[in-house]
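Undergrad: fold the stuff below for me.
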Amino acid sequence: MRTFVSIEITDEIKARIEELADKLKLMLTPIRWVEKKNLHVTLKFIGWVKDEKVPSLIESIKTCAGGFGSFDVSFSGLGVFPSAKRPRVIWIGTTTGADRVKSLGECIESEVSKLGIREEEREFSPHLTIGRIKEKIDVKALNDFIESNKDIDLGSFTVDHVSMMKSTLRRSGPIYEEIEKIKL
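TA: Purely as a prediction, here's the structure:
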């Protein structure tokens with residue numbers, strides 16, 4: 001099965017993000033937008049694993065999550081990866097709690113690598129992906145929108161668990177299912 005570890009965000013924040021994305025949708029095409037129900041912060045994309053390996057992965061995640069403690073996280077501003085000149089991913093940043101999200105993500109990365117899961121080459125950067133750019137777009141319009149919304153506040157909440165998720169790829173888009181909720 002295809003898996004990842006995430007922080008699931010509140011419906012209220014998802015609604016605010018959808019409103020912001022709707023403004024961008026009017027300006028920019030073609031961008032593949034993340035569906036409202038699928039918005040989350042990925043702590044670690046694991047990828048394809050055999051079903052029998054999932055319990056070991058969950059135990060590795062519990063090693064990090066257990067005793068980590070709940071924390072507040074807030075979302076604000078927009079950005080792109082890899083660069084403003086060649087955007088491929090549109091994201092929303094984390095402000096309050098970003099250091100805790102990063103620490104948790106790095107711990108999970110380290111623990112699951114002990115089970116043979118490939119480590120990321122890039123440094124973990126806490127963010128919430130809202131869209132993926134596959135074709136040429138109006139980069140200036142995108143960058144102007146990002147600049148005018150760089151301080152937008154999209155809300156905050158208390159993170160008290162992480163989720164081990166299953167991702168099923170469909171033509172219509174991925175379907176995410178929570179396998180296990182792991183308390184912090």
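Undergrad: show me what counts as buried in the helix-or-strand element of the chain with minimal mean pLDDT.
TA: Taking mean pLDDT, DSSP states H and E as the measure, the chain has strand 31-33 as its least confident helix or strand, at a mean of 88. By 16 or more other Cβ atoms under 10 Å, the buried positions in strand 31-33 come out as 31, 33. In this view, the C-beta of every residue, glycine as well, is placed from N, C-alpha and C.
Undergrad: tell me who's in contact with residue 77.
TA: Listed by Cβ atoms under 8 Å, 6 or more residues apart in numbering, the contact set of residue 77 reads 92-93, 95, 149-152.
Undergrad: again, but for residue 18
TA: residue 36.
Undergrad: next one: the strand or helix carrying it to chain centre, how far?
TA: According to DSSP states H and E, residue 18 maps onto helix 11-27. Centre-to-centre, helix 11-27 and its host chain are 16 Å apart (Cα atoms, centre = their mean, to the nearest Å).
Undergrad: average pLDDT for that helix?
TA: The average pLDDT within helix 11-27 is 91.
Undergrad: give me the buried positions along it.
TA: For helix 11-27, using 16+ other Cβ under 10 Å, the buried residues are 13-14, 16-18, 20-21, 24.
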